[in-house]
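Undergrad: need a structure here:
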Amino acid sequence: MSQEKKVRRPKKHGAFAAMTMLMALLLVPVLLHTFTLGFFCDETAYGPMPPKGVENYIDLGQGDYTVTFSPLQEHLAGFELALANQPAGNTGSLLLYVYGEDGTPLDCITVDLGRIESNRWHKVKLHKELPMGPVYTLVLSAKYCGTYPWLQEAPAGCLAPETLTGGVLLGYGYASAAYSWLVKAGVFFLLLLVWGFVASQLFWGQRKKRLVRQVCGCVLLGLVLASNYTLCYMDGEDAVGPGFDPPSQKLVVDAMNAYAGGAAQGPYGLGDYIDGAFRPYVSQIGLQGHVFQVLGQLGGPRALGLLCALAAAAVFMGLVLVIYQKYNALMAGCFYVAFWLSPWVVNFAAHLYWLEFTWFLPMLVGLVCLWKIDSQRARALCYGGAFASIFIKCLCGYEYISAVMVGLVLFPLAELLGAWAEKDRQRVRRLFFAVLFLGCCALGGVFAALLIHAGVRGEGDFMAGARLIIQQDVLRRTNGGDMSQFDPVYWPSLNASAFETVGKYLRFDTQIITGLPGDLFPLLCVLPLMAFAWDWHKGRLSVRDAALYGVSALGAVSWFVLAKSHSFIHTHLNFVLWYFGFVQVCFYVIVYKLAAWVRPGPQKRRKGKGT
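TA: Residues are numbered from 1 along each chain as shown. Below you'll find the predicted structure:
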């Protein structure tokens, strides 16, 4: 037996080593930009054809012409030529010789002049791409021509920045990496998951194998979420993804451009960058703008959008996992499906302004507090987390703050009402104080952010800043004040009733989730009420489930009513509020009751510790 184990172990090690080498061979070309494609250039940067301001022509029949240049990007793929005196059907060849810094020949391209039109850009591809950095020499020569073409000299403003010496019109084309940030990250993590999974199955014990399988499964599910948030492959009709709400996105991108351009910005992180001047967006501090200005040096808006998508996926997976531990797999699955397939959740997830993960981070804090309700240390950490998460959310914007705060106490409050119905006094007392402290910490986070904002808005005068915030921001977004103080475009929203505003959000113009038409939303709302009424009639009503339904609905409606003007106008945004738990709870109640009807008998919920 021991001899057989000794034989198996080297085989396992050999197979694992071979698999590791194969994965490395697959991964290295992807990460190192080995594969490139395309020929990208910007002809408009060099001027129109025929170019304005051409000062002189260089006759290649009189001799060769030399240009020195240095690529400003990686993967220089070729050149663009602008020739004059080039009649149709011309004969002969144009030769381009490329030399390195030490004079070593690097490339030679021959172009048939009969294929080049006069006064139009003509692309010439190199046989081998050139890297950024070195200074190269390009020699242009014409041979055996019926009519010798002319190169066109132009002022410095019409020259490509790569050109160091030689004043002819010459463009530079670059190849692009075949794999985007998203593809690289996805391939890396996918291969890492496969590697870790195989390693655990070959060398670890049963307990560690099970743990690795769970971790790999969670990471894979998280990557599925993040990839859909950036590619929108599950809903191409309603989900726009990173291109959603361009005006808000522009506030962040302009702030990043202003920071890169050295424009004075002051304490605000968001604004418009026009003609070299930065005009701040003063309705909030704009913490996300300050953060992305620094991170923008590592990547552009697309890369930062990927980070936002990953952060949203991480928070959502945290919610799903804790729900699975605290409640059951069915409720966890309903939350995951809504986070994955909702066009509204998808649209906001990778947005640089909205930062969707900050909306649901407080909900995760409250859920963890409930999960670990019997641990005094865990509760204390969650109280601090409630303050920090709400504080950060307000520094990034006050939108949806009432729904976010209701989300913080959604699960603890539902459990409190359930424990009260069961007359469990000890549990009611503990849950009551947990909800109370979470709420107080959340209010503390709001007031702390408002205090900072008021100081900045009032330029040191907190009272003056608070008055400006109330008059110019709060009243305009809520029930308003004196209508004469606002632009007439806001008057219909200020005159609308709360019932009219809420009614707008009962008629979806998108799918609820992929494959489920928006026309069914009223039915989705009513079916759980019918189930609760039937259970109450039969004496088996789950107060906790009914409370989850009611409190989650209250969270969405709270913003529709409190921020009535904002909700009346922004119907292209605020449908997302239904996904702060309400749609997920509706799915859960309906599917749970259908399962009980299909499979009669006592339905046992999976309960974790602390329930």
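Undergrad: all helices for the stretch 401-550 of the chain, in order.
TA: Taking DSSP state H, counting those that start in this stretch to define them, one finds helices in the stretch 401-550 of the chain at 401-421, 425-457, 462-469, 475-477, 491-495, 498-504, 521-538, 543-562.
Undergrad: Indicate which one of these is closest to residue 273.
TA: Taking Cβ to Cβ, helix 425-457 is the member of these nearest to residue 273, at 19.4 Å. Glycine gets a C-beta too; all of them are placed from N, C-alpha and C.
Undergrad: hang on, the earlier thing: buried deepest among the helices of the stretch 401-550 of the chain, which one?
TA: Stretch with highest mean neighbour count among those: helix 401-421 (a mean of 24; mean count of other Cβ atoms under 10 Å).
Undergrad: Could I get the contacting residues of residue 398?
TA: Each residue near residue 398 by Cβ atoms under 8 Å, 6 or more residues apart in numbering is listed here: 283-284, 473.
Undergrad: Test for you: state the pLDDT assigned to the residue nearest the centre of the chain.
TA: Central residue of the chain (Cα atoms, centre = their mean): residue 350, 1.6 Å from the mean position. Looking at residue 350, its pLDDT reads 94.
Undergrad: I'd like the helices of the stretch 401-550 of the chain as a markdown table, with mean pLDDT and distance to residue 106 appended.
TA: What follows is the helices of the stretch 401-550 of the chain, written out as a markdown table (pLDDT from 0 to 100; distance: least, Cβ to Cβ, whole Å):
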| stretch | mean pLDDT | distance to residue 106 |
| --- | --- | --- |
| helix 401-421 | 97 | 59 |
| helix 425-457 | 96 | 56 |
| helix 462-469 | 90 | 62 |
| helix 475-477 | 68 | 62 |
| helix 491-495 | 69 | 65 |
| helix 498-504 | 92 | 65 |
| helix 521-538 | 96 | 64 |
| helix 543-562 | 96 | 63 |
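Undergrad: Could you export the ones you listed to a markdown table, including columns for distance to residue 300?
TA: Output for the helices of the stretch 401-550 of the chain, formatted as a markdown table (distance: least, Cβ to Cβ, whole Å):
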| stretch | distance to residue 300 |
| --- | --- |
| helix 401-421 | 29 |
| helix 425-457 | 28 |
| helix 462-469 | 32 |
| helix 475-477 | 31 |
| helix 491-495 | 35 |
| helix 498-504 | 36 |
| helix 521-538 | 37 |
| helix 543-562 | 32 |
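Undergrad: I'd like to know which of those helices is closest to residue 298.
TA: Using Cβ to Cβ as the measure, helix 425-457 is the one of the helices of the stretch 401-550 of the chain that comes nearest residue 298, at 26.9 Å.
Undergrad: if you go through the chain in chain order, where are the strands?
TA: Taking DSSP state E, the strands of the chain run over residues 36-40, 56-59, 65-69, 76-84, 93-99, 105-112, 121-130, 136-143, 150-153, 163-165, 170-177, 271-274, 277-280.
Undergrad: Residue 360 is in contact with residue 317, isn't it?
TA: No. Under the criterion of Cβ atoms under 8 Å, residue 360 makes no contact with residue 317, lying 10.9 Å away.
Undergrad: Tell me the spacing between the closest residue to residue 218 other than its chain neighbours and residue 367.
TA: Closest residue to residue 218 apart from its sequence neighbours, by Cβ to Cβ, 6 or more residues apart in numbering: residue 317 at 5.8 Å. Distance, residue 317 to residue 367, using Cβ to Cβ, to the nearest Å: 13 Å.
Undergrad: The two: who's more crowded?
TA: More crowded of residue 317 and residue 367, by other Cβ atoms under 10 Å: residue 367, with 25 against 22.
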